[in-house]
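**Q** Here you go, sequence then predicted model.
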Amino acid sequence: MVTLSNWLLVSGTGRNVGKTTLVCRIISQISALNPVAVKISSHFHTLPEDSEWIIRKDDFSLIRETLISTKDSSKMLQAGAEECYYAQGPDYRLPEILSALEKFTKNRPVVCETGGLRKLIVPGIYLIIKGEEFSKPEIGKLELLADKVLTPHDVRTGNFESKLFFKNNSWLILQ
């Protein structure tokens with residue numbers, strides 16, 4: 001397992017718990033630092049043909065998000081990320097996705113919405129948003145690795161992101 005202290009990961013126990021909302025608030029707060037945003041999904045979505053493709057294979061893909069839309073990755077770009085990347089594929093492709101992202105994320109603040117990447121890296125900060133419903137059973141194991149477990153209510157109140165800082169290529173939580 002590799003340590004990437006410049007990465008902040010956000011996972012959730014299911015859909016609509018506030019992952020993208022929190023990620024966008026964090027990006028907005030640090031936009032002056034030119035952050036990189038990453039969204040990794042194990043679910044496949046049809047991607048526009050005019051996307052800026054970095055990897056395009058049958059079972060996984062990686063694009064640089066450049067389009068303004070209602071997609072989560074576009075919301076991250078609109079929140080102030082200097083660059084945003086969207087990857088999709090099964091967990092066994094995560095090492096290749098991470099390797100491809102390395103040249104874009106080295107020595108820069110990275111805010112990433114992902115479920116599976118924590119199994120491969122030790123980030124500077126790992127946050128889980130725990131909703132009432134568990135549509136992702138494997139998240140229980142990852143909860144033990146979280147630096148902070150938040151609820152959807154915590155995200156709605158909008159205070160937590162003010163405790164996050166990026167300094168010396170590392171993420172910090174002020175207590």
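**A** Thanks, I have it. Predicted model only: the values in this text are computed from it and were never measured.

**Q** Below-threshold pLDDT in the protein: ranges please.
**A** For the chain, applying pLDDT under 70 flags the ranges 134-139.

**Q** Give me the longest strand you can find in it.
**A** Counting residues, the longest strand found in the chain (DSSP state E) is strand 2-12.

**Q** Next, count neighbours for the closest residue to Gly131 other than its chain neighbours.
**A** Closest residue to Gly131 apart from its sequence neighbours, by C-beta to C-beta, 6 or more residues apart in numbering: Val17 at 3.9 Å. (C-beta placed from N, C-alpha, C; glycine too.) Number of residues near Val17 (other C-beta atoms under 10 Å) recorded here: 22.

**Q** ditto for the one 10 residues further on
**A** A count of nearby residues for Ile27, using other C-beta under 10 Å, gives 26.

**Q** repeat for Asn159
**A** Using other C-beta under 10 Å, Asn159 has 9 neighbouring residues.

**Q** Repeat that for the one 4 residues further on.
**A** The number of residues packed near Lys163 is 11, by other C-beta under 10 Å.

**Q** next one: Gly80
**A** 18.

**Q** dump the residue contacts of it.
**A** By C-beta atoms under 8 Å, 6 or more residues apart in numbering, the contact set of Gly80 is 27-28, 30-31, 35.

**Q** Once you drop chain neighbours, what's closest to it?
**A** Ser31 (3.0 Å).

**Q** For burial, what's the neighbour tally of Ile128?
**A** Counted with other C-beta under 10 Å, the neighbours of Ile128 add up to 24.

**Q** Is it in contact with Leu144, as I believe?
**A** No: in this structure Ile128 lies outside contact range of Leu144 using C-beta atoms under 8 Å: 9.8 Å.

**Q** one step back: so the residue nearest to Gly131, which state does it fall into?
**A** Per DSSP: H, G, I helix; E, B strand; the rest coil, the local secondary structure of Val17 is coil.
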